[in-house]
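Chemist: can you look at this prediction? I've put the sequence above it.
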Amino acid sequence: QQRANSYHQQTCTNNGSLKKNGSVEKWECNNNNNNNNKYKEKKEREKAQLERYINKCKFKDDRYLSILNLETTKEDKIEKLIELKKEENRRKKEQNKISKSVKKQNELEKALRQTKEELKQEGYDEKQLETEIQKAYEKYKDKPHFIVESSKYGDLGQIVKRIKKTIKCKKKGKKEDHRHIRNNIFSILIDQLKNKVEVKVLAPMLKNYLDKQVDLKYSQVFNNHYYYEILEMVGGKENLRIEEYEKIVD
């Protein structure tokens, strides 16, 4: 009986429930510690994975920090980071588009302003020119490449042609005739290119080229614009120099 009472005191509490011995309590403590360590290791791994992903994304600002501090899963955070990066890329693309558009509009303004000055120098009324140039700007501000890339599109030439038809020129009596300008430029280009292209090949090609130009300018001769365009047309081939050639004037 004494042994039974002694065992009961060692293994049971006052209310009759079983007591935990020291080895059981120690096992439970170790198990809890192991679980805590595994949880911490998992969190550290996830944190490192998220940091690597963030470095790879190269975010432009620190808005991603608010996502890192969320009480949610790693997978959910990555999804939110992906969306954040997509949004950032969309903003960048839109900004580049706006920047490019502004640049083209500035080039449009410059081209039209230069055209206006050239026409003003030729004697066309400045006030009327301003009105016509503003109309052209409003028409082409959303598609400036048609004016800016004048070598590819003929819109600027058509604008100049229309302006010359609708606006009276004060210097019309003193202005050089288009045909006279054409013949002068023809002679100059023949002289410039005679050492590059055989004249019998050059002359008809040059005549055809000048006939297609809406608004011939001496400035385009002096800056070699016509010179290089003609060379490009003949493929840059250099023909043998001829000692004598007949100057062709239409």
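Modeler: Yep, that arrived.

Chemist: if we look at stretch 71-81, which residues are touching it?
Modeler: Applying Cβ atoms under 8 Å, 6 or more residues apart in numbering, the external contacts of stretch 71-81 come out as Glu46, Gln49, Leu50, Tyr53, Ile54, Cys57, Tyr64, Ile67, Leu68, Leu70. Backbone N, C-alpha and C define where each C-beta goes, glycine included.

Chemist: if you set the cut-off to 10 Å instead, what comes out?
Modeler: With Cβ atoms under 10 Å, 6 or more residues apart in numbering as the test, stretch 71-81 has contacts from 42-43, 45-47, 49-50, 53-54, 57, 59, 63-64, 66-70.

Chemist: now swap in stretch 39-46 and tell me
Modeler: In contact with stretch 39-46 (Cβ under 10 Å, 6+ apart) are residues Thr73, Lys74, Glu75, Lys77, Ile78.

Chemist: which of the contacts of stretch 71-81 fall within helices?
Modeler: Mapping those onto helices (DSSP state H) picks out 42-43, 45-47, 49-50, 53-54, 57, 64, 66-68.

Chemist: okay, now the domains of the protein?
Modeler: According to the TED database, the chain comprises the domains 38-93, 101-170, 172-236.

Chemist: now render those as JSON lines, adding mean pLDDT.
Modeler: JSON lines is the format used below for those (pLDDT from 0 to 100):
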{"stretch": "domain 38-93", "mean pLDDT": "84"}
{"stretch": "domain 101-170", "mean pLDDT": "89"}
{"stretch": "domain 172-236", "mean pLDDT": "81"}
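
Chemist: could those domains be laid out in a markdown table, adding mean neighbour count?
Modeler: Output for the domains of the chain, formatted as a markdown table (neighbours: other Cβ atoms under 10 Å):
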| stretch | mean neighbour count |
| --- | --- |
| domain 38-93 | 12 |
| domain 101-170 | 15 |
| domain 172-236 | 14 |
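
Chemist: re earlier: which one of the ones in helices among the contacts of stretch 71-81 is nearest Ile147?
Modeler: Ranked by distance to Ile147 (Cβ to Cβ), the ones in helices among the contacts of stretch 71-81 are led by Cys57 at 40.3 Å.

Chemist: Ile82 is in contact with that closest one, correct?
Modeler: Yes: counting by Cβ atoms under 10 Å, Cys57 touches Ile82, with 8.5 Å between them.
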